[in-house]
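Q: all I have is the shape, not the residue letters:
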């Protein structure tokens with residue numbers, strides 16, 4: 001429903017317009033407008049800094065083997081992908097030549113030419129009237145012509161559909177797919193390229209033109225070692241045991257320490273003495289581990305919140321008090337913590353009765369039932385189970401909650 005409403009608003013032009021332009025490097029971006037909605041993914045606002053950080057990031061992902069990639073890094077979104085987020089499917093970016101060359105292209109160029117990224121993702125928006133995934137200027141003249149890129153280009157998810165549905169640069173999905181492939185978009189993140197057989201039948205694209213993209217994609221898979229015996233591919237023999245090692249955690253901690261910048265230290269208040277008698281930690285995010293992350297993230301095995309970190313750093317004799325201090329947002333009060341002992345299901349016993357339905361209506365017989373000791377609905381973009389449609393399900397918890405203190409929740 002939310003997705004349908006979003007597309008309706010785009011069609012009806014209900015989103016307000018304001019300026020804000022963006023550049024992306026490997027899964028990270030820099031941005032020039034703090035109102036843009038994905039600032040938590042950024043390295044900063046400096047194209048030079050972004051490029052310098054991107055190079056070792058890419059090399060670390062792809063590895064140093066002369067034949068095989070460890071994995072393939074994708075720099076994104078190419079180019080002039082800008083905020084606000086809702087308008088990315090409809091707007092046409094028109095930067096000056098100087099702004100394009102000095103602000104938007106440099107980090108990509110460094111990531112491709114110096115970092116050696118073997119994949120690039122084209123953006124949703126248009127640039128100078130052409131969809132980014134159908135732009136000869138971006139994908140042919142600049143990327144492959146000026147920079148000598150020999151990897152493959154993948155679309156942002158659904159961007160090929162945008163070419164005909166919102167940008168109107170093609171009459172239908174087959175024409176949009178043909179235009180994208182001929183322009184240099186080798187792979188679609190979506191279902192659109194299923195229409196390429198129709199495009200061939202209609203004479204919109206030839207099989208020879210498809211072979212160009214096919215060769216690039218199969219070459220990438222070959223360089224990942226997917227068709228070779230594992231004993232020939234060093235990275236295929238990497239054991240799972242290398243993950244989450246103490247040495248990795250020490251390095252991550254060192255990086256965190258060395259990347260901090262103390263802007264002001266009035267009276268030498270920091271570092272705090274470890275023998276303080278009492279210390280108060282106040283704030284709604286002080287003990288929320290999810291707030292340590294951005295998005296497109298994995299789940300850390302042992303996240304350390306500010307409250308936990310402080311408790312572990314002070315002396316055993318220091319009393320550490322914690323208070324949420326305020327609600328996370330106006331009109332959004334919640335319980336600090338709900339112990340499982342505060343939950344009772346209707347038939348008795350701890351926890352809540354949970355029912356999962358394979359539709360929106362919360363009616364009829366549930367697909368399955370169970371008991372939850374905690375409320376955890378973090379299913380990301382999926383559903384609670386593989387046999388449920390992630391776009392058509394509902395969940396109901398039933399029981400009694402007894403909070404520790406009286407109040408509005």
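A: Nice, thanks for sending it over. What you are looking at is a predicted structure, and each value in this text was computed from that prediction instead of being measured.
Q: so which residues make contact with the host helix or strand of residue 212?
A: Residue 212 is located in helix 207-223, with elements delineated by DSSP states H and E. Judged by C-beta atoms under 8 Å, 6 or more residues apart in numbering, the contacts made with helix 207-223 from elsewhere in the structure are 67-69, 72, 118-119, 150-152, 181-182, 185-187, 196, 200, 227-228. C-beta coordinates here come from the backbone N, C-alpha and C atoms, glycine included.
Q: return the subset of those residues lying in helices.
A: The helices, defined by DSSP state H, take in 181-182, 196, 200 from these.
Q: show me which of those residues are buried.
A: Neighbour-count burial (16 or more other C-beta atoms under 10 Å) is assigned, among those, to 181-182, 196, 200.
Q: on that earlier part again, the ones in helices among the contacts of helix 207-223: which two are farthest apart?
A: Considering C-beta to C-beta, no two members of the ones in helices among the contacts of helix 207-223 lie farther apart than 182 and 200, which are separated by 11.9 Å.
Q: start to end distance for stretch 140-160?
A: Using C-alpha to C-alpha, to the nearest Å, the end-to-end distance of stretch 140-160 comes to 17 Å.
Q: how far off centre is that stretch?
A: Taking C-alpha atoms, centre = their mean, to the nearest Å, the mean C-alpha location of stretch 140-160 is offset from the chain mean by 20 Å.
Q: what does it contact?
A: Outside of stretch 140-160, the residues within contact range by C-beta under 8 Å, 6+ apart are 72, 74, 76-78, 105, 109, 112-113, 117-124, 131-133, 139, 173, 176-177, 180, 183-190, 192-193, 213, 216-217, 219-220.
Q: so who does residue 395 touch?
A: By C-beta under 8 Å, 6+ apart, the residues touching residue 395 are 354-357, 377, 384.
Q: now swap in residue 175 and tell me
A: If you count contacts by C-beta under 8 Å, 6+ apart, residue 175 has them with 164, 199, 204.
Q: what are the buried residues along the helix or strand hosting it?
A: Element membership of residue 175, judged by DSSP H and E, is helix 173-183. Of the residues in helix 173-183, those scored as buried under the neighbour-count criterion (16+ other C-beta under 10 Å) are 173-183.
Q: stretch 324-340 too?
A: Using 16+ other C-beta under 10 Å as the test for burial, stretch 324-340 gives 324, 338.
Q: got the end-to-end distance for that stretch?
A: End-to-end span of stretch 324-340 (C-alpha to C-alpha): 20 Å.
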